[in-house]
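[1] sequence? don't have it. structure:
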């Protein structure tokens, strides 16, 4: 029996997804969102997907405002994270995800009132001491490892890009 193309599933399409993320610092704390992801609670950097025609600094400002209600000033590029993500079974789409992470500061009040368009899996917001965030098990190691560089004494040159898989 020869295999037919009808019996083999078609490969899932792949989409490149750019995402702008923010490391928002205030008085030694970093802003994190709390989310339920894959049935577990986790922490994430605020930010999200770039829309067609939108510049990355505009993306990070919009996404932080939507998720947190805060207005931020976008500073320098901190790092770039890259990954290949397979959709859950049945696979309908795969993602080549590129996260561009910027250093940001709050413009105005730092009070966490919540955003008007939070992600559906978002359950909260927290200012977490930066030295605690780098050990927070509910924060992905891809963020913890890079945030740790911000706690190094005298290190202000966080402009190198890292390429990680998760």
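    Received, thanks. Just so it is clear, the structure is predicted and the values come from calculations on it, not from any experiment. Residues are numbered from 1 along each chain as shown.
[2] could you check how far the longest strand along the chain is from the centre of its chain?
    Secondary structure of the chain read by DSSP state E shows that its longest strand is strand 72-86. Mean C-alpha position of strand 72-86 versus that of the full chain (C-alpha atoms, centre = their mean, to the nearest Å) differs by 7 Å.
[3] just stretch 71-82 next, same as before
    10 Å.
[4] now do stretch 96-107
    The answer for stretch 96-107 is 7 Å, by C-alpha atoms, centre = their mean.
[5] low-confidence ranges, the chain, go.
    1-13, 85-93, 113-121, 153-166 (pLDDT under 70).
[6] just so I have it, where are all the strands in it?
    Under DSSP E, the chain gives strands at 14-26, 29-37, 40-44, 47-49, 72-86, 94-106, 122-129.
[7] partner strands of the fourth one, with direction?
    With DSSP bridges as the test, strand 47-49 is paired with strand 14-26 (antiparallel).
[8] and the contacts of the partner strand?
    Contact partners of strand 14-26, identified using C-beta atoms under 8 Å, 6 or more residues apart in numbering, comprise 30-31, 45-50, 56-57, 59-60, 63-64, 68, 70, 72, 74, 78, 93-106, 110, 127, 130, 147, 150. No exception for glycine: its C-beta is placed from N, CA and C like everyone else's.
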